[in-house]
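*Asks:* Quick check, what structure comes out for this input:
(one chain, ligands or ions: 1)
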Amino acid sequence: MRDSDSGLPLRDWIARVQERVEHSLDETIPKAQAIPQRLHAAMRYAVLGGGKRVRPLLVFAAGQVAQARDAVLDRCAVAVELIHAYSLVHDDLPCMDDDVLRRGKPTVHIEFDEATALLVGDALQSLAFETLSRAEAAPAGVLAMVNRLAKASGSEGMAGGQAIDLASVGAMLDRQSLEQMHRLKTGALLSASVMLGALAAGQMSETMAVSLEHYSKAVGLAFQVVDDVLDVETDTATLGKTAGKDAMQHKPTYVSILGLDASKELAEKLRLEARAALTPLGASAGRLAELADFIVLRKH
Ligand code: GRG
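*Replies:* You can find the predicted model right below:
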């Protein structure tokens, strides 16, 4: 991003990053005319033209702290968004959350078919790692980024969190187990997005690593607490996905365990914790601080 971008109001900076990421994603995913056309069309349908791009925003904001090069950040941003998109496509399948609406349009298995949706997820995951492996950075740095993203996506990260989530339907989880599930299911990829942005610079001081890990954990959990609140308080049209599903499916959530008010208080506490973790990093972490607000105060 240009130097002049640092003075932009948050809303404009977000729009600029979103536009940049949209372009990179468009370039990365094979065109719909490329064989196999139906799979590529479905991949593009799943990824392009929707979503807040929160994970890429975290990549670019963390990249500012570490002074990483934009060309490397582009690859990281694409990689985390492709992993996220794959998880949404698979999550919406009948064998998982069984949903028909995502980002305001029919889910991939409804628009296409189940087998295609399965392959879309598989192919997006592979494309994420292929993209990251092509980052123009020192090999050791690229390896560190690939390693972090793989760990965040696998059984000790997002896929593991999803397994716990599926097993917990109808069960009563205590607060600690709920937190562990969310730290894996959504927190791990959000944390990885922050850390990839910093790793993109090729080096990171101990202070930076500690601050960013702390920040990303707080923001990752805050994101989920807010997601639980929005599921109760916001309508389907605003969310772009089916509202009220957690209660409908008897899923344990922050709202069901703590109640609405205590969940909101927790989100606020985590927002402040995330901001405080950035103190040692000074002004360079300004965008990350603003993103903590954006994530907690969002309306969808
Ligand atoms: C299938 C391995 C596998 C994992 C799925 C992340 C996930 C695990 C499922 C998504 C289900 C869900 C609604 C989780 C709550 C938090 C979340 C990831 C919400 C959607 O993310 P946003 O708000 O979505 O960043 P957009 O559409 O803005 O990108």
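
*Asks:* Using the three-state scheme, assign Val226.
*Replies:* helix (DSSP: H, G, I helix; E, B strand; the rest coil).

*Asks:* give the contact list for it.
*Replies:* Shown in contact with Val226 (C-beta atoms under 8 Å, 6 or more residues apart in numbering): Ala267, Ile295, Val296, Arg298. C-beta coordinates here come from the backbone N, C-alpha and C atoms, glycine included.

*Asks:* same thing but at 10 Å, please
*Replies:* Tyr254, Ser263, Lys264, Leu266, Ala267, Leu270, Arg271, Ile295, Val296, Leu297, Arg298, Lys299 (C-beta atoms under 10 Å, 6 or more residues apart in numbering).

*Asks:* Roughly how far does the residue nearest to the fourth one when sequence neighbours are not counted sit from the ligand?
*Replies:* Read that as Leu266. Nearest non-adjacent residue to Leu266, counting by C-beta to C-beta, 6 or more residues apart in numbering: Val225, 5.4 Å away. Using C-beta to the nearest ligand atom, to the nearest Å, Val225 is found at 10 Å from the ligand.

*Asks:* Val225 and Ala247: what is the separation?
*Replies:* 16 Å (C-beta to C-beta, to the nearest Å).

*Asks:* And Ile14, by the same measure?
*Replies:* For Ile14 relative to Ala247 (C-beta to C-beta), the value is 31 Å.

*Asks:* More neighbours: those two, which one.
*Replies:* Ile14 (21 against 13; other C-beta atoms under 10 Å).

*Asks:* Do I have it right that that one meets Met1?
*Replies:* No. Taking contacts as C-beta atoms under 10 Å, Ile14 lies outside contact range of Met1: 11.6 Å.

*Asks:* which residues do those two both contact?
*Replies:* Common neighbours of Ile14 and Met1, using C-beta under 10 Å, 6+ apart, are Leu8, Phe60, Ala61, Arg287.

*Asks:* Adding pLDDT, distance to the ligand and neighbour count, write those residues out as CSV.
*Replies:* Formatted as CSV, those follow (pLDDT from 0 to 100; distance: C-beta to the nearest ligand atom, whole Å; neighbours: other C-beta atoms under 10 Å):
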residue, pLDDT, distance to the ligand, neighbour count
Leu8, 93, 21, 15
Phe60, 98, 15, 29
Ala61, 98, 15, 27
Arg287, 97, 17, 25
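
*Asks:* Which of those fall in strands?
*Replies:* Among those, the subset assigned to strands under DSSP state E is empty.

*Asks:* Let me know the closest of those to Ala140.
*Replies:* Phe60 (22.5 Å; C-beta to C-beta).

*Asks:* pLDDT value on the closest residue to Pro252 other than its chain neighbours, please?
*Replies:* With C-beta to C-beta, 6+ apart as the criterion, Pro252 has its nearest non-adjacent residue at 4.2 Å, and that residue is Leu173. Model confidence at Leu173, given as pLDDT, is 84.
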